[in-house]
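Q: no sequence on this one, just coordinates:
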């Protein structure tokens, strides 16, 4: 037999009828699903117990979850987003099943405290925050009016926990960028339908309040820490401008301008003391000059540019200068 013919035979992984090579069997879709579920077995078990009908079982699951997360992180485990999404599904229904205000608050604090479990691996902490904001963005429109308050309370405390976590990283620019990106992809997404408008409005209303409180707790620190905080605040306002550039909905553009970019230096003195108004004005102008920027988005960015070109003292005297868009304007 010629060498060329032998080579051809060796290259054939299947026979003439198309039978798969037994040494490399293909996995069916069901087999792949089973493997994925198998890798999430522990998380799924926690999710079921967290969503149990009995309060004692939910409380026990919460205590065990804290211990398990701590031990896994100490052993060097790197959690995937899918694993944390499964856990947050269980945590979401754990709060859903709770029926007393004091229990709601205690449970929300316990959920925020889970962030401490990821002290050894900050990227897992970012994924944990991402999983929460993605979960609440998806589920918000399904929450009935009787349960809405407790989920807004959880959102506020998780956001505050996130800002405190940033402070504990020394206002690291790397982790600040990661966290701001998480918000842009979820609750501050400019894409229509990603997040309910009510949740977007709530978050923009509490954003600077919680940031101001955390900065006030910081007190006076060394110059290096002050520079890090300054870069954090400047980066945050650049993110607000990015949201205006990408926002498809008039509602989000108005909410960002009204609640964030138009904020008063008298109400949020620590935030505005760290903010470089000229840098924000320049950045908004650059985004607005992008030839691909839609007309209404450009108009909002130019309004921000004009607003931040003025001194803070002058703006404080007429806080109504930035008006909402006219819904009937072309």
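A: Thanks, I have the structure now. None of these values were measured; they are calculated from a predicted model. Numbers count the residues shown, from 1 in each chain.

Q: what are the phi and psi values for the residue lying closest to residue 104 once chain neighbours are set aside?
A: Distances taken as Cβ to Cβ, 6 or more residues apart in numbering place residue 150 nearest to residue 104, at 4.2 Å, with adjacent residues excluded. C-betas here are computed from N, CA, C, even on glycine. For residue 150, the backbone dihedrals (degrees, to the nearest 10) come out as phi -70, psi -30.

Q: Likewise for residue 172?
A: According to degrees, to the nearest 10, residue 172 has phi -60, psi 130.

Q: Find the residue closest to it in space, skipping its chain neighbours.
A: Among residues not flanking residue 172 along the chain, residue 228 sits closest, at 7.1 Å (Cβ to Cβ, 6+ apart).

Q: can I assume that neighbour is in contact with residue 173?
A: Yes. Assessed by Cβ atoms under 8 Å, residue 228 is found in contact with residue 173 at 7.1 Å.

Q: quick one: low-confidence ranges for the stretch 151-300 of the chain?
A: Scanning the stretch 151-300 of the chain for pLDDT under 70 picks out 219-225.

Q: And for residue 85, the neighbour number?
A: Each residue near residue 85 was counted by other Cβ atoms under 10 Å, and the total is 19.

Q: Can you name the residues in contact with the helix or strand in which it is found?
A: Applying DSSP states H and E as the criterion places residue 85 in helix 81-97. Outside of helix 81-97, the residues within contact range by Cβ atoms under 8 Å, 6 or more residues apart in numbering are 36, 40, 43-44, 46-53, 55, 58, 61-62, 65, 104, 107-108, 111, 124, 127-128, 130-132, 134-136, 139, 147, 150-151, 154.

Q: now with 6 Å?
A: Contacts with helix 81-97, where a contact means Cβ atoms under 6 Å, 6 or more residues apart in numbering, come from 40, 43-44, 46-47, 50-51, 58, 107, 111, 127-128, 131-132, 135.

Q: what's the answer for stretch 302-316, then?
A: Outside stretch 302-316, the residues within contact range by Cβ under 6 Å, 6+ apart are 261, 264-266, 272, 277, 280-281, 284-285, 288, 322.

Q: what about that stretch, average pLDDT?
A: Averaged across stretch 302-316, the pLDDT comes to 82.

Q: before we move on, what about stretch 62-82?
A: On average, the pLDDT along stretch 62-82 is 94.

Q: Off-centre distance for it?
A: What separates the centre of stretch 62-82 from the centre of its chain is 20 Å, taken as Cα atoms, centre = their mean, to the nearest Å.

Q: residue boundaries of the helices in the stretch 151-300 of the chain?
A: Counting by DSSP state H, counting those that start in this stretch, the stretch 151-300 of the chain has these helices, from start to end: 173-185, 197-218, 223-246, 250-256, 269-274, 277-288, 295-309.

Q: list the helices and strands the shortest one packs on?
A: I take that to be helix 269-274. Contact here means 3 or more Cβ pairs under 6 Å, 6 or more residues apart in numbering; DSSP states H and E; on that basis helix 269-274 packs against helix 197-218, helix 223-246.
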